[in-house]
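Participant: Generate a structure from the sequence data that follows.
(one chain, ligands or ions: 1)
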Amino acid sequence: MTSLIPEGCPIVAVEDDRTGTSLETLKRAIMDNLFYLQARFPSVASRNDFYMALSYTVRDRLLQRWISTAETYLQQGSRTVCYFSAEFLLGPHLGNNLINLGIRQEVEEAVNELGLDIEELLNQEEEPGLGNGGLGRLAACYLDSMATLEIPSFGYGIRYEFGIFDQEIRDGWQVEVTDRWLRYGNPWEIPRPEVRMPVKFGGHTRSYTDSDGHYRVIWDAHHVVEGVAYDTPILGYRVNTANTLRLWRAEAVESFDFQAFNTGNYYGAVRDKITSENITKVLYPNDEPLQGKELRLSQQYFFSSSSLQDMIRIYLQHNPDLSKFHQKFTVQLNDTHPAISVAELMRLLVDDHHLDWNTAWNVTQHTFAYTNHTLLPEALEKWPIALFQYLLPRHLEIIFEINQRFLDQVRLHYPGQSDPLARLSIIDESGERYVRMANLACVGSYAINGVAALHTELLKATVLHDFYQLYPERFSNKTNGVTPRRWVVLSNPGLTGLISEQIGDGWIKDLDQLGQLEPLANDHHFRACWGKTKHDNKVALAEHIQAKTGIIVDPNSLFDIQVKRIHEYKRQHLNVLHIITLYQQIKDNPHLDITPRTFIFGGKAAPGYFTAKLMIKLITAVGDVVNRDPDVAGRLKVVFLPDYNVTFGQRVYPAADLSEQISTAGLEASGTGNMKFSMNGALTIGTLDGANVEIREEVGAENFFLFGLTTPEVQALGAKGYQPWDYIQSNPQLKRVLDLIASGHFSHGDTNLFQPLLSGLWNQDKYYLMADYQSYIDCQQQVSQAYQNREQWLAMSILNTARMGKFSSDRSIQDYCRDIWHVSPVIIKLNGGYQ
Ligand code: GL4
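Facilitator: The predicted structure follows:
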């Protein structure tokens with residue numbers, strides 16, 4: 001269609017009600033939106049009405065950038081990154097967009113003049129919790145960095161109607177509540193009902209030879225679902241680039257099955273519609289066996305297929321020749337969740353677009369790159385062949401074909417050897433047959449990476465060792481990073497102001513500039529300001545804690561914080577053992593002089609992960625006893641803050657003195673919370689695991705509290721035959737701690753409640769808590785001493801922040817761009833030629 005708008009005519013005016021940022025314009029725009037979009041007049045408008053009106057006002061101010069970005073990419077045919085992820089844990093948009101647009105102050109004034117409170121409006125936003133934890137949040141940080149670095153990119157994922165469950169704590173136990181985040185509307189998404197992709201499921205395949213003699217396969221599906229696009233603009237920081245996050249919602253193809261309708265089966269037809277639309281209903285929580293969960297595989301296929309079809313559609317608008325598809329697009333697979341894309345792209349190219357197999361395989365292999373995010377064997381995805389056959393019969397054929405050709409090559413590499421073949425095969429044939437998604441991803445990708453240096457080395461040595469032997473050139477490390485825009489500027493305005501006063505605000509886009517703070521670690525006055533900022537943040541968190549839990553905590557105490565998913569390998573229970581150790585020491589000696597501490601926990605357990613839920617109960621149970629005991633008053637407090645999410649993280653990181661990163665060495669792929677804490681001036685107590693290793697390298701060993709076994713030591717101990725009871729029997733303090741829990745002291749005399757946890761520690765202790773206990777306790781003792789020397793502690797805190805440049809997600813994305821994607825920035829000029 002040709003445009004009706006004359007050449008050179010600006011699409012929107014320079015300063016009108018939808019683009020201007022003067023005080024009067026903003027006020028006017030908010031009131032207009034309240035009236036015309038929310039259909040409310042002020043005296044009856046709810047806080048949510050005002051939140052919506054304000055969000056539309058802000059959204060209006062970024063739309064011009066978004067449209068110009070899309071137009072520029074289209075015109076220039078820029079090489080584009082597509083980040084495929086089943087999870088995007090975005091967090092609230094409003095505050096972030098205000099920061100990135102640079103209009104936070106103007107908006108605050110406008111809102112004030114209207115008699116409203118900006119903080120209240122910001123708190124009104126229901127965050128899109130479309131992820132479980134680190135993996136989903138990393139995807140969100142990467143979108144922010146790609147936009148800020150002006151990289152042409154799309155995020156592709158699933159628009160879950162219900163994101164990660166809300167957590168309530170009742171009687172100390174986790175209770176899951178449905179996350180109805182879309183209930184009051186989502187002003188940040190733009191539905192694109194005309195962008196819809198058919199996605200087939202089930203049925204059978206048949207083949208024939210066409211008139212040109214080509215072998216063709218037709219997939220007669222059992223049913224078809226449509227993927228409908230919902231777009232969210234992702235604005236970069238102080239740039240014109242606003243990229244797109246495109247999330248797919250499943251819709252039934254027709255609202256009525258007419259035949260069923262005619263024969264009177266009206267309700268049956270409606271039921272089928274509901275079944276189709278179930279695909280995008282709910283996010284699956286982590287840490288539960290997913291094997292056999294048909295709906296989960298359907299979700300993965302649904303969003304992979306919709307996204308690839310969309311990319312092909314866009315590509316064909318300007319390029320007729322799909323054999324060069326990989327020159328225009330590269331796809332990053334965020335773990336194996338979208339790995340079915342490898343087979344789907346083959347199917348689209350061969351079956352639908354009639355490329356020959358070899359050409360299609362060349363395109364596919366040059367399109368995908370794969371990031372592995374975990375070494376935990378239980379998290380490696382594999383799907384039973386029978387399920388595949390039933391749901392995706394054509395893909396199973398394609399996978400068999402890929403595998404056969406792949407194994408033919410492997411045979412040349414390992415003549416006469418069957419073991420490597422069995423391990424490399426995409427099909428696990430050791431018992432019931434499965435499709436191994438990590439193997440599919442490795443075979444179908446031109447690049448494979450881990451997410452921290454140690455993790456990548458372990459990948460090469462263990463889980464993906466055989467692939468590393470075969471394709472060493474495909475492997476590289478890309479250490480994770482986090483965006484300083486959300487995790488410092490938005491969440492810690494006090495610290496942001498203090499830093500920018502000293503070194504300007506260039507660090508926000510170039511985090512290495514924080515290095516300029518180093519000399520100030522010796523400056524008494526600066527230290528005092530630094531300490532005051534931290535204290536103010538602690539006061540704010542203390543108020544929040546009191547409001548949410550009723551527990552009063554002292555902002556002068558050491559805030560010792562562990563926030564992350566609850567999991568045995570992350571060892572929140574090791575932290576609890578330390579708390580009980582201190583508690584017993586105080587009970588033994590009520591006049592003991594110890595550093596007062598507030599222990600703060602937050603995190604969700606998978607609904608079906610019994611031990612993790614029991615760990616939450618243990619934390620709250622210990623808290624109930626400790627917080628009420630007059631002997632420890634003023635010295636120890638234990639808080640479990642319910643419903644840890646992005647919004648809550650933004651309050652917590654700025655207020656931490658001590659960051660707990662205490663996983664068993666070798667098991668946390670990277671961690672990203674560890675980076676957020678240090679950026680905000682917390683010191684870390686941690687094992688040599690994941691990115692802790694690199695954080696310690698950067699901040700200096702003297703500014704990091706290290707304890708515990710190293711990965712090789714853990715491996716050696718395991719190989720030797722680890723016996724946890726040896727450690728317990730030889731450590732009276734440890735034994736007393738375990739015995740106190742077993743005695744029912746924290747469970748109203750119930751000696752059974754915590755038995756499953758305790759017997760796990762005594763007998764197997766899969767995560768080596770007993771082996772690391774004493775080292776942890778000793779290290780915590782050093783922390784307590786260090787905290788007494790306030791000047792020294794402040795200097796260490798400043799140095800932690802100053803040396804965090806490496807952990808900006810901007811650095812990570814630059815590494816991906818340079819080493820894997822080979823994409824370059826595209827500068828966006830605003831439509832109409834004006835800024
Ligand atoms: C994770 C890792 O557990 C975590 O260490 C890492 O920081 C994150 C992002 O790379 O990915 N892997 C999975 S699965 N969930 C995660 O959070």
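Participant: where does the one residue in the stretch 401-550 of the chain that gets nearest to the ligand fall, phi/psi-wise?
Facilitator: Using C-beta to the nearest ligand atom, the single residue of the stretch 401-550 of the chain nearest to the ligand is residue 451, 4.0 Å away. All C-beta atoms are positioned from the backbone trio N, CA, C, and that covers glycine. Per-residue torsions, residue 451: phi -110, psi 10 (degrees, to the nearest 10).
Participant: What about it, how many residues nearby?
Facilitator: Other residues near residue 451 come to 28 when the count uses other C-beta atoms under 10 Å.
Participant: List the contacts of it.
Facilitator: The neighbours of residue 451, taking C-beta atoms under 8 Å, 6 or more residues apart in numbering as the test, are 138, 371, 372, 373, 477, 478, 479, 480, 669, 670, 690, 691.
Participant: Can you flag which of those residues belong to strands?
Facilitator: Assigned to strands by DSSP state E, the following of these qualify: 371, 477.
Participant: related to what we said a few turns ago, which ones are touching the residue lying closest to the residue of the stretch 401-550 of the chain closest to the ligand once chain neighbours are set aside?
Facilitator: Spatial nearest neighbour of residue 451, excluding adjacent residues (C-beta to C-beta, 6 or more residues apart in numbering): residue 670 at 4.2 Å. Applying C-beta under 8 Å, 6+ apart, we find residue 670 in contact with 134, 373, 451, 452, 455, 479, 480, 690, 691.
Participant: And residue 142, by the same measure?
Facilitator: By C-beta under 8 Å, 6+ apart, the neighbours of residue 142 are 83, 809, 812, 813.
Participant: Doesn't it lie inside a strand?
Facilitator: No. Applying DSSP: H, G, I helix; E, B strand; the rest coil, one finds residue 142 to be helix, outside a strand.
Participant: hmm, back to that, for the ligand, see how far away the residue nearest to residue 451 is.
Facilitator: As defined by C-beta to the nearest ligand atom, to the nearest Å, residue 670 lies at a distance of 4 Å from the ligand.
Participant: quick one: pLDDT of the residue of the stretch 51-200 of the chain found nearest the ligand?
Facilitator: With C-beta to the nearest ligand atom, the shortest gap between the stretch 51-200 of the chain and the ligand falls at residue 134, namely 2.6 Å. What the model reports as pLDDT for residue 134 is 98.
Participant: Show the model's pLDDT score for the residue nearest to it when sequence neighbours are not counted.
Facilitator: Take residue 134 and drop its neighbours on the chain: the residue closest to it by C-beta to C-beta, 6+ apart is residue 672, 5.1 Å away. At residue 672, the model reports a pLDDT of 98.
Participant: just residue 6 next, same as before
Facilitator: 50.
Participant: ok, now the one 3 residues further on?
Facilitator: As summarised for this prediction, residue 9 has a pLDDT of 49.
Participant: pLDDT on stretch 621-641, on average?
Facilitator: So the average pLDDT for stretch 621-641 ends up being 97.
Participant: quick one: that stretch to chain centroid distance?
Facilitator: Its chain's C-alpha centre and that of stretch 621-641 lie 32 Å apart, by C-alpha atoms, centre = their mean, to the nearest Å.
Participant: Stretch 441-455 too?
Facilitator: Put simply, stretch 441-455 sits 18 Å off its chain's centre (C-alpha atoms, centre = their mean).
Participant: and that stretch, how far apart are its ends?
Facilitator: 18 Å (C-alpha to C-alpha, to the nearest Å).
Participant: Same question for stretch 349-362.
Facilitator: Stretch 349-362: ends 11 Å apart by C-alpha to C-alpha.
Participant: Retrieve the pLDDT associated with the closest residue in space to residue 335 that isn't next to it in sequence.
Facilitator: Of all residues not flanking residue 335 in the chain, residue 373 sits nearest, at 4.8 Å (C-beta to C-beta, 6+ apart). Reading off the confidence values, residue 373 has pLDDT 98.
Participant: before we move on, what about the one 5 residues further on?
Facilitator: The predicted local distance difference test score for residue 378 is 85.
Participant: wait, what's in contact with it?
Facilitator: Residue 378 touches residue 289, counting by C-beta under 8 Å, 6+ apart.
Participant: Is it part of a helix or strand, or is it coil?
Facilitator: Residue 378 ends up helix, using three-state DSSP.
Participant: gap between it and the ligand?
Facilitator: 10 Å.
Participant: sorry, back to before: just the buried residues of the contacts of residue 670.
Facilitator: Neighbour counting with 16 or more other C-beta atoms under 10 Å marks 134, 373, 451, 452, 455, 479, 480, 690, 691 as buried within these.
Participant: got those as a markdown table, with distance to residue 239 columns?
Facilitator: Below are these laid out as a markdown table (distance: C-beta to C-beta, whole Å):
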| residue | distance to residue 239 |
| --- | --- |
| 134 | 26 |
| 373 | 28 |
| 451 | 26 |
| 452 | 28 |
| 455 | 31 |
| 479 | 24 |
| 480 | 23 |
| 690 | 31 |
| 691 | 27 |
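Participant: Give me the neighbour count for the residue nearest to residue 507 when sequence neighbours are not counted.
Facilitator: Closest residue to residue 507 apart from its sequence neighbours, by C-beta to C-beta, 6+ apart: residue 513 at 4.0 Å. When counting by other C-beta under 10 Å, one arrives at 17 neighbours for residue 513.
Participant: is it true that residue 513 lies in a helix?
Facilitator: Yes. Judged by three-state DSSP, residue 513 forms part of a helix.
Participant: So it is in contact with residue 805, correct?
Facilitator: Yes. Residue 513 sits in contact with residue 805 when judged by C-beta atoms under 8 Å, with a separation of 7.4 Å.
Participant: okay, the residue lying closest to residue 443 once chain neighbours are set aside: pLDDT?
Facilitator: Take residue 443 and drop its neighbours on the chain: the residue closest to it by C-beta to C-beta, 6+ apart is residue 406, 5.2 Å away. With respect to pLDDT, residue 406 has a value of 98.
Participant: got it, and the one 4 residues further on?
Facilitator: Reported pLDDT at residue 410 in the predicted model: 98.
Participant: That one: which element?
Facilitator: helix 393-413 (DSSP states H and E).
Participant: That helix packs against which elements?
Facilitator: If contacts are counted by 3 or more C-beta pairs under 8 Å, 6 or more residues apart in numbering; DSSP states H and E, helix 393-413 sits against strand 204-209, strand 215-220, helix 341-347, helix 357-367, helix 385-391, helix 419-424, strand 427-428, helix 437-443.
Participant: The ligand is nearest to which of the ones you listed?
Facilitator: helix 437-443 (11.8 Å).
Participant: average model confidence for that closest one?
Facilitator: Mean per-residue pLDDT for helix 437-443: 98.
Participant: ok, now stretch 530-547?
Facilitator: 98.
Participant: and the residue of the stretch 401-550 of the chain closest to the ligand, how far is that from residue 372?
Facilitator: Distance, residue 451 to residue 372, by C-beta to C-beta, to the nearest Å: 8 Å.
Participant: Now do the shared contacts for these two.
Facilitator: Shared contacts of residue 451 and residue 372, counting by C-beta under 8 Å, 6+ apart, come down to residue 669.
Participant: re earlier: tell me which residues touch the residue nearest to residue 507, please.
Facilitator: Here residue 513 is in contact with 503, 504, 506, 507, 805 (C-beta under 8 Å, 6+ apart).
Participant: One more: residue 17?
Facilitator: Counted by C-beta under 8 Å, 6+ apart, residue 17 has contacts 25, 28, 29, 32.
Participant: all strands of the stretch 651-800 of the chain, in order?
Facilitator: 658-661, 683-686, 705-706 (DSSP state E, counting those that start in this stretch).
Participant: Ok, the stretch 151-300 of the chain next?
Facilitator: Using DSSP E, counting those that start in this stretch, strands in the stretch 151-300 of the chain cover 153-158, 166-170, 173-177, 190-201, 204-209, 215-220, 223-235, 242-252.
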